[in-house]
Each structure stands twice: as C-alpha cells, then as structure tokens.
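Enquirer: only geometry, no sequence info:
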C-alpha cells in the first residue's frame, strides 16, 4: 500500500500492494512436495519476477515479447514434463507447479508454455523421427526456435476431427493446402506442426490424419497475427494460410496416423490447463485478500465486514478444491493411472472455478478492480481464453458424460 507523503483531502492512499505472493495453501496441499519439484517451482518464480515488468507492458500494448519466451527456454522451464532422453525430466507435479506459477504471473506466459512445451515439443517427442528430433527437439526445449501446433481451423474448432486441410503426394514432396486459426507462435518465424488429412485415393492412407513439420519460411505459408484480442494479449495467435506448401516426404511425423494421435497431445495439455487455471485463481484470490486488509471504508478495513469475509471464504473454497484436483491429478499421472477423462474433469472444474474467483475478486476490488496494475482484470480476461482452448466446457462435459454413462451424446 502506498501512502501519499503529502496527501490532499480525499486521497490518503494512492495505490495498493496486491500482486505479491502469499503462499495460499489452506489444506497444505503442496507442503510435502519433493525438493526437486520445489526447486523447479522456485525457478519458475524467479523467471516470473524477472520478466513481470516486460510482460505487463506487453499485455497493455498487445505485443509479443519474444525475448521473454526465449528466456523461459533458457531457464529450462519449457519441457512441461515431456519424457525424452534429451530433455530435463520434470515430474508431473513439478511440471504442474511450473505451469501454475507461470500462469499466476501472466496468462500469456502460461500460454507460451502450453504451446511451446505442451503442444509443439510434446508432438515432436512423441511422434517425430530420430532425424527430426535431432534437428529440432533441443531447439524447441531451449526456445531458440519457437514452435506451434496447427490443428484448429476457422470452420473447425470443437469439431476439429472434421479438419479440411489436406496433404497430397506429388513426386518427392507433400503439398499441403488449407487454413488454420488461433495458432499460438504460428507467425513467430519458427516451425509449425500442421495436422492435415491425406488426399490420395490411390494410397492406403487416403483420408488418414497425419502431422507435418513445416518451417514457417516455406513458400506458400502465410501466418497473419490475429489482432483485436481482449485476452492473452502478450502472445500472438495466427491465422495461417497454406497455399500449396511443398515440404519433403520426410516432413511427415512417422508416428502420426490418425486424429487419435492429436488427441494424445490434447489430453496431456488438459491437465496443464487445470494447473494454469489454478495459477490465475491464486493470483486473484490473493489480490482480493490483500486489498481487503488494506482498503479502508466506513472507518475500517474491508476485511472487517461480514460480507467481505463471506466472499473470501467462497473464493478459498473454490481455490482449495482446485489445488486438491491438481495434486491428485499429478499423483495419478506419476503412478501411470491418469485417465484422459480425469484430466477433462480437472480442466472442466478448474476453469469454471477460476472464473468465479476472478469475477468475485474484481467485484471486491471495486473500481480499482479494473486497473491493470492490480492484476485481477487481466487475469479475468485471460481466464476466458483458457476456459475455451484445449476443449470447451461443453466438449469436456460430453467426454465425461460418455465416460460415466457409456453412451455418446456427440452429434
């Protein structure tokens, strides 16, 4: 809290200190984590503190600070628990804590991590050839090359299984044609993993969905930054045109043969979204708690009002549930027992709970809640994006409904 040194009537307090960490963990969910996992978490905290001023300015200006993205890789925070001999191994818990902390600092940073590590790096590690991995894996992990995952199309979001981008054989090359939208890092000058349907009636794999590694400077590839976003403003998503893009035959990732392979990557990132939502919610809850103790109205701190204490309790209720979901999910993944629909339930619950916490925090801060310097409004806006991506609320509900009833309600 900043007290005006020579205040005029009506403004004794000029600003509030509400963005600092408070370590909220009412059930001690993270009190017993292993030292190696805590070290990764602390490294993420140091990274966030280092780039925070840069990110605040970038979000305000809707600019993508590539230096901050690359710094994440330099600090070995991009690997996202992806398993490969060439990568630093983070346990599911460590990867989740890193995701949580990075998102607590800035939602755009959380999405950079999700795209670079959760989607691009994981796709290459799971499905790439030895030659592809030798050339690109370390470069993606240290973020010296930015990567993107191009599945969503302008006409196909939740029904991405119906993708229309096609790839056909032409002599010693594949020729890819189609469009993609909302592709993080898709206009960053790096590489893009393009999911396309094979269009060759004479081939056994006609109609199969495969993934292709495309360098973004390839002729016919055009990535245009999507402007006018009110959410995740410090990372650029692209609208991509693939106009007869020719890539060599070995550009296909040999481990990809159907849409189910894309789903494997998406299932893994859903747990990351649940952790990201927890980071956003933690920032909002702690901002509201700090503000309630500093803001004085009617002669006493807001925290002394019954209504405010009730709101804080409801927020803590949601936050603690989110922490328990994430810790249990990490434990299940460590044991090799996490099912995709369990990740879906965590994503479904946590993004909904994060929205409630952010909305309550914004309201509790009153007019000060819309100031970017207090963090809450930015988190509230960014939560709207993570609530949608990696599977909307409705899609998660249908996946879960099919699992618990044994009957599909997908159209």
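Expert: Nice, thanks for sending it over. The model shown is predicted, which means the values in this text are computed figures rather than measured ones. Residues are numbered from 1 along each chain as shown.
Enquirer: contacting residues for the closest residue to residue 289 other than its chain neighbours?
Expert: Take residue 289 and drop its neighbours on the chain: the residue closest to it by C-beta to C-beta, 6 or more residues apart in numbering is residue 312, 6.1 Å away. Quick note: C-beta positions are derived from backbone N, CA and C, even for glycine. Taking C-beta atoms under 8 Å, 6 or more residues apart in numbering, we find residue 312 in contact with 285, 288-289, 292, 303, 364.
Enquirer: so which of those belong to strands?
Expert: Among the contacts of residue 312, none falls in strands (DSSP state E).
Enquirer: among the residues you listed, which ones are in helices?
Expert: Among those, the members found in helices (DSSP state H) are 285, 288-289, 292, 364.
Enquirer: just the buried residues of those.
Expert: Buried subset of the ones in helices among the contacts of residue 312 (neighbour count, 16 or more other C-beta atoms under 10 Å): 285, 288-289, 292, 364.
Enquirer: so which bits of whichever helix or strand the residue nearest to residue 289 is part of are buried?
Expert: Here residue 312, judged by DSSP states H and E, is contained in helix 306-334. Under the neighbour-count criterion of 16+ other C-beta under 10 Å, helix 306-334 has 308, 311-312, 315-316, 318-320, 322-323, 325-327, 329-330, 332-333 buried.
Enquirer: I'd like the average pLDDT over that helix.
Expert: Helix 306-334 carries an average pLDDT of 98.
Enquirer: all the strands of this structure, residue numbers only.
Expert: Secondary structure of the chain by DSSP E: the strands cover 2-3, 13-15, 147-150, 166-170, 173-184, 191-198, 209-215, 221-225, 237-248, 296-297, 300-301.
Enquirer: could you single out the most deeply buried of the ones you listed?
Expert: strand 147-150 (a mean of 28; mean count of other C-beta atoms under 10 Å).
Enquirer: off-centre distance for that strand?
Expert: Averaging C-alpha positions (C-alpha atoms, centre = their mean, to the nearest Å) puts strand 147-150 13 Å from its chain's average.
Enquirer: check stretch 215-223 too.
Expert: Distance of stretch 215-223 from the chain centroid (C-alpha atoms, centre = their mean) equals 25 Å.
Enquirer: what about that stretch, start to end distance?
Expert: Start-to-end span of stretch 215-223 (C-alpha to C-alpha, to the nearest Å) is 11 Å.
Enquirer: average model confidence for it?
Expert: For stretch 215-223, the mean pLDDT works out to 98.
Enquirer: can you list contacts of it?
Expert: The contact list for stretch 215-223, computed with C-beta under 8 Å, 6+ apart, reads 183, 186-192, 214, 238-247.
Enquirer: and residue 74, what is it in contact with?
Expert: For residue 74, the contact set (C-beta under 8 Å, 6+ apart) comprises 142-143.
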